[in-house]
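Provided below for reference: sequence and predicted model.
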Amino acid sequence: MIAKSKILIPVFAALFLLLLGIQVYFMYKTYQVKERDIYRSINDGLTNYTDNLEDIQETKERNDDSLQEIIIQYHNKEINKKDFLNYFIENRKSARDRLIHYIDSRKLKDGYEISARIRYLSIVHLPDSTKVITEPIVIFETQDKLKNPRIASNGSWETSTTKRDDSDKDQVEKRNTFLVKTQTDFEIKNIKSIVFKELTLLIICCIILLSGVLLLYIFTIRNLIRQQKQVEVLHTIVDNISHEFKTPIATLKIASKALKKEWNPETLPLIDRQISRLESLMSQLHKDEMPDEMTAIQPEDWNFFIQDLAVTYPDIDFTFENTISQKLPFDKNLMETVIKNLCENSVKYGASVVKINLSNITQHLEIEVSDNGQGMDAKELNHIFEKFYRIQNNNIHNSKGLGLGLYFVKKIITTYGGKIDVSSQPQAGSTFKISVPYEN
C-alpha cells in the first residue's frame, strides 16, 4: 500500500501542476480581457474628445481661414517652424483643456494614470502631393511621456481656400487644399496594478482552492501511510509475539526438567519469576503505564535477574558486578524489565559476553550494560527507543522481536526522572548507561 502511495505522489504532482497551469492560463486570459476592457473604455473616451476636436476644427475652417493661411505660409516658407507649431498649440488650447479635464476626471474616478499625445502625422498639399511637414508634429502631450503607447484613433480632414465661380453660382472652386492626418496615442501607466487589484478576489480564491486541494492530498496520504504502518505493526506483533514468549517458556521447561531429575529449592522461585515475566509481557502488549502498586526492589533481586538470564541463555557469559546493598525505592518488576530488556537486546544482536555493573552514588542508581555484539550505526541511535522500532539492514529485520524492549526501558527511566545514554560502534558492541535519582 505504501508503495502504491509513493506512485500516487508523482501522479498527483502531475495533475496538480496541470490544474495549476489551467488556473494560470485562465487567470492570464482574464487579465487580458480586463486590460482590454479598460483600454477600450479609455479609448472610447479619448476618441469622443478627439472627434469633437476635429469637428470644432472643421467648423472653424468654414468660418475662419486662419489655419489655411498659416499652412500656406509655412508651405511657402514665409514663416518658420516654431511659429507654425505655436499656432497649432494656441489654436487647440480649448480642446486640450477639455482633454486634460477628461484625463484628470478618470484618475479621480477610477485611479487611471493616463498619458496621452495628439500628433499631426502629415500635412499634404493635394494638388501636387507635396508634404508640408516631414515628420509628425506633437500638438498635445501630457506631462508624463508615453513609453509604450497604444493607438487610440486616427483621423484626417481637409482644409482649403474656396472661391465661388461668378459665371456659375453652383460651382465652388477649391484652392490650396491640404490633407491633414492626425493620430491620438495613449497609455495607462498603472494598468497592471489596476487589473491585479480588480482580480485580487479571484486570485485569492484560486490560491485557497489550490492550497485546499494540496493540503487535502497531503492529509490523505499521511493518514494512509500512518494507517498502513499501524497495520504492518499489528502484523509484526502477530508474527513475533510467539518469539517473545519463548524466553520465559523455555526457562520454565528447563526448570521443569530440573525438577523431574532432582529437587532443587532454587527452581521453584525461578518458575515463579518466569510466570511473573509472562504476566509482564502480556501487560506490555495492552498498556505501557506505571503499576498502581509498587514492590520495592531488594538487593538480592538484582542477582535473581541475572540468574534467570543465565538459565535462559546458558551459552552467554553474563558478568555481573553489584555494589548495591540496600533496598531502593524502585518497583521490582520495572527494574527487572529494564535489566532483562537490555541484556536480551544484547543477546538478540549477537553478543556472547554481557557485562552488567550496578552501583548507587550520591542517591543515584547507576546501571551500565555493555556487550560485544554487532553494534549499531550512529543513525540508528536516534530511533532505537521508539515504539515498535527495530534495527534494519537493507529493510530486513534480522532479529526477531516486537520492538518494545528499549521503548519500555526508556519510558521507565524517564518516568523515574532518570536519563539513559547509549554509545555503539558497528561490529564493536554497545554500551547503555543509566542514571536514576532517588530519595531515601
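Good, I have the coordinates.

who touches residue 196 in this structure?
31, 203 (CB atoms under 8 Å, 6 or more residues apart in numbering). Backbone N, C-alpha and C define where each C-beta goes, glycine included.

what residue ranges in the stretch 201-350 of the chain score low on pLDDT?
235-247, 258-261, 263-268, 277, 279-293 (pLDDT under 70).

Pull the number of nearby residues for the nearest residue to residue 133 once chain neighbours are set aside.
Counting by CB to CB, 6 or more residues apart in numbering, residue 133 lies nearest to residue 123, which is 5.2 Å off, once chain neighbours are set aside. Counted by other CB atoms under 10 Å, the residues lying close to residue 123 total 19.

cool, the one 10 residues further on as well?
When neighbours are counted by other CB under 10 Å, residue 133 registers 18.

go on, residue 104?
11.

roughly how far apart are it and residue 138?
For residue 104, the distance to residue 138 equals 20 Å [CB to CB, to the nearest Å].

I'd guessed residue 87 sits against residue 68; true?
No: in terms of CB atoms under 8 Å, residue 87 does not count as a neighbour of residue 68; the distance is 11.6 Å.

Parallel or antiparallel, which strands does the helix or strand containing the residue nearest to residue 133 pair with?
Per DSSP states H and E, residue 123 falls inside strand 114-125. With DSSP bridges as the test, strand 114-125 is paired with strand 130-131 (antiparallel), strand 137-141 (antiparallel), strand 172-188 (antiparallel).

Quick one: closest of these to residue 204.
Set against residue 204 and scored by CB to CB, those come closest in strand 172-188, at 23.8 Å.

Could you tell me how far the closest one lies from the centre of the chain?
60 Å (CA atoms, centre = their mean, to the nearest Å).

Endpoint to endpoint, stretch 120-138 covers what distance?
End-to-end distance for stretch 120-138: 7 Å, by CA to CA, to the nearest Å.

picking up where we left off before, quick one: which of the strands paired with strand 114-125 is nearest residue 118?
strand 137-141 (4.2 Å).

Now do the helices in the stretch 251-400 of the chain.
Along the stretch 251-400 of the chain, counting by DSSP state H, counting those that start in this stretch, helices occupy 267-286, 299-312, 332-348.

tell me which residues in the second one are buried?
Right, the one you point to is helix 299-312. 301, 302, 304, 305, 306, 307, 308, 309, 311, 312 (16 or more other CB atoms under 10 Å).

so what secondary structure elements neighbour that helix?
Here helix 299-312 touches helix 200-261, helix 267-286, strand 317-322, helix 332-348, going by 3 or more CB pairs under 8 Å, 6 or more residues apart in numbering; DSSP states H and E.

Let me know the angle separating the longest one from helix 332-348.
Think helix 200-261. Interaxial angle, helix 200-261 versus helix 332-348 (axes from the mean of the first three to the mean of the last three CA atoms, to 10 degrees): 90 degrees.

Next, the angle helix 299-312 makes with helix 200-261.
80 degrees.

Please renumber the chain so that the first residue is 53 from this point on.
Fine by me, first position is 53 from now on; the one you just mentioned is helix 252-313.

which helices and strands does helix 252-313 pack with?
Partner elements for helix 252-313 (3+ CB pairs under 8 Å, 6+ apart): helix 54-115, helix 319-338, helix 351-364.

how near is the residue nearest to residue 457 when sequence neighbours are not counted to residue 439?
Nearest non-adjacent residue to residue 457, counting by CB to CB, 6+ apart: residue 393, 3.9 Å away. In this view, residue 393 and residue 439 are 13 Å apart by CB to CB.

Who has more neighbours out of the two?
residue 393 (20 against 14).

The more buried one is in contact with residue 462, isn't it?
No: counting by CB under 8 Å, residue 393 stays clear of residue 462, with 10.0 Å between them.

on that earlier part again, would you mind finding the most buried of the helices of the stretch 303-452 of the chain?
Mean neighbours per residue, mean count of other CB atoms under 10 Å, is largest over these for helix 384-400, with a mean of 22.

okay if I get the helices of the stretch 303-452 of the chain as JSON lines plus distance to residue 482?
What follows is the helices of the stretch 303-452 of the chain, written out as JSON lines (distance: least, CB to CB, whole Å):
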{"stretch": "helix 319-338", "distance to residue 482": "22"}
{"stretch": "helix 351-364", "distance to residue 482": "17"}
{"stretch": "helix 384-400", "distance to residue 482": "7"}
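
Tell me which of the helices and strands packed on helix 351-364 sits nearest to residue 179.
Judging the helices and strands packed on helix 351-364 by CB to CB, what sits closest to residue 179 is helix 252-313, at 58.9 Å.
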